[in-house]
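# no FASTA, just this:
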C-alpha cells in the first residue's frame, strides 16, 4: 500500500483490532501490502510506545489497552466521567439499584450509584458508606478475590457488626462465610438473600485493573428480595459481569478509580 509512515502505522493498528487473539507479522504484511521488514520496524516502534504487545508463546501481535484508555480519557476530559453511563445502563436493564464501591487500602466505599427502579419498592441506601464485608454481596465479592486466610484477617480487622443488625440469612460464623466465598469464586460473582437486612437481595462482582489485575472496585445490583429471587439473580449475573468488565477497561480514564 502507498501512503506515509503514519498512515501505515494507523492501518496496522486498525488491522490488529479485528482479532483479539493477535495476528502474525506475515499476515499483517500481506494484508497491508508492505514489506515484512517495514512491518517489523513499525511493530517494534509501537511496542516501544506501549500500543502493541507480542505474545511470547505464539509470536502473535495484539493491541494493548493503551488506545482504549486514551479514548476513555478523552471522554472523561470532555466533561463526564465514563463510569456513570455504565452504571446507568445496568440500572436500566436490571430495574434495580446499581452501586459501585472502590477499594482504598482495606476499605471498600460505595461512591457511585444509579437507581433503576421507577416504581414500587425501592432500595436506595446512602452513598459514602463502607461496605460491611461479613454479610453483604459487595463484601463477599471482594473477599472471594483473596485467600481464605487473607479474607478472614481482613474481616477481623474491620470488625463484625452486632448480629442483631444482620438479616436472617447472614453467615453466622467464619465457616459459613468461607462457604459463601467458595461459591462466589466458583460462580465468578457473589450473591446474598436477606443477609444484610430482611427483604433485600444483591449480587456483586469485582472490577479489576485492566493491566495489573488487582481488584480496584466492586459492582453490585441490589433490590427487594421479592423482585430478586435466585432465578432472577442468575439471569442478571451475565449482565453484571459484562458491566464489571466494561468498568475495568474504562477505569484508567475515570477519576473515581484514581
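Structure's in. What do you need? It should be emphasised that the depicted structure is a prediction, and the values quoted were computed from it without experimental measurement. Numbers count the residues shown, from 1 in each chain.
# This protein: helices as residue ranges?
In the chain, the helices defined using DSSP state H lie at 5-16, 25-32, 36-49, 66-77, 83-94, 137-143, 148-158, 174-187, 230-250.
# And those helices, which one averages the lowest pLDDT?
For those, mean pLDDT drops lowest on helix 66-77, to a mean of 63.
# Against residue 193, how distant is residue 130?
22 Å (C-beta to C-beta, to the nearest Å). The C-beta positions use only the backbone N, C-alpha and C, and glycine is treated the same way.
# Equivalent analysis for residue 58, please.
44 Å.
# Ok, residue 248 next?
In terms of C-beta to C-beta, residue 248 sits 27 Å off from residue 193.
# Give me the more crowded residue out of these two.
More crowded of residue 248 and residue 193, by other C-beta atoms under 10 Å: residue 248, with 22 against 18.
# ok, that one - contacts?
Counting by C-beta atoms under 8 Å, 6 or more residues apart in numbering, residue 248 touches 207-210, 216.
# In a markdown table, list these along with neighbour count.
A markdown table is the format used below for the contacts of residue 248 (neighbours: other C-beta atoms under 10 Å):
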| residue | neighbour count |
| --- | --- |
| 207 | 26 |
| 208 | 18 |
| 209 | 15 |
| 210 | 19 |
| 216 | 20 |
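# Any chance of a markdown table for those residues, columns pLDDT?
Shown next, in a markdown table, are the contacts of residue 248 (pLDDT from 0 to 100):
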| residue | pLDDT |
| --- | --- |
| 207 | 97 |
| 208 | 96 |
| 209 | 94 |
| 210 | 92 |
| 216 | 96 |
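# Quick one: residues contacting the closest residue to residue 53 other than its chain neighbours.
The shortest distance from residue 53 to any non-neighbouring residue, by C-beta to C-beta, 6 or more residues apart in numbering, is to residue 64 (5.2 Å). For residue 64, the contact set (C-beta under 8 Å, 6+ apart) comprises 50-53.
# just residue 207 next, same as before
Under the criterion of C-beta under 8 Å, 6+ apart, the neighbours of residue 207 are 100, 215-219, 244, 247-248, 251.
# change it to 7 Å
Neighbouring residues of residue 207 by C-beta atoms under 7 Å, 6 or more residues apart in numbering: 216-219, 244, 247-248, 251.
# Which single one of these is nearest to residue 203?
Closest approach to residue 203 among the contacts of residue 207 (C-beta to C-beta): residue 219, at 9.5 Å.
# what number of residues lie near the closest residue to residue 194 other than its chain neighbours?
In space, and not counting its chain neighbours, residue 194 is closest to residue 167: 4.2 Å by C-beta to C-beta, 6+ apart. Neighbourhood size, residue 167 [other C-beta under 10 Å]: 18.
# Counting neighbours, what do you get for residue 46?
By other C-beta under 10 Å, neighbour count at residue 46 equals 20.
# now the contacts of residue 207 in CSV, with distance to residue 86?
What follows is those, written out as CSV (distance: C-beta to C-beta, whole Å):
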residue, distance to residue 86
216, 14
217, 11
218, 14
219, 9
244, 9
247, 6
248, 10
251, 10
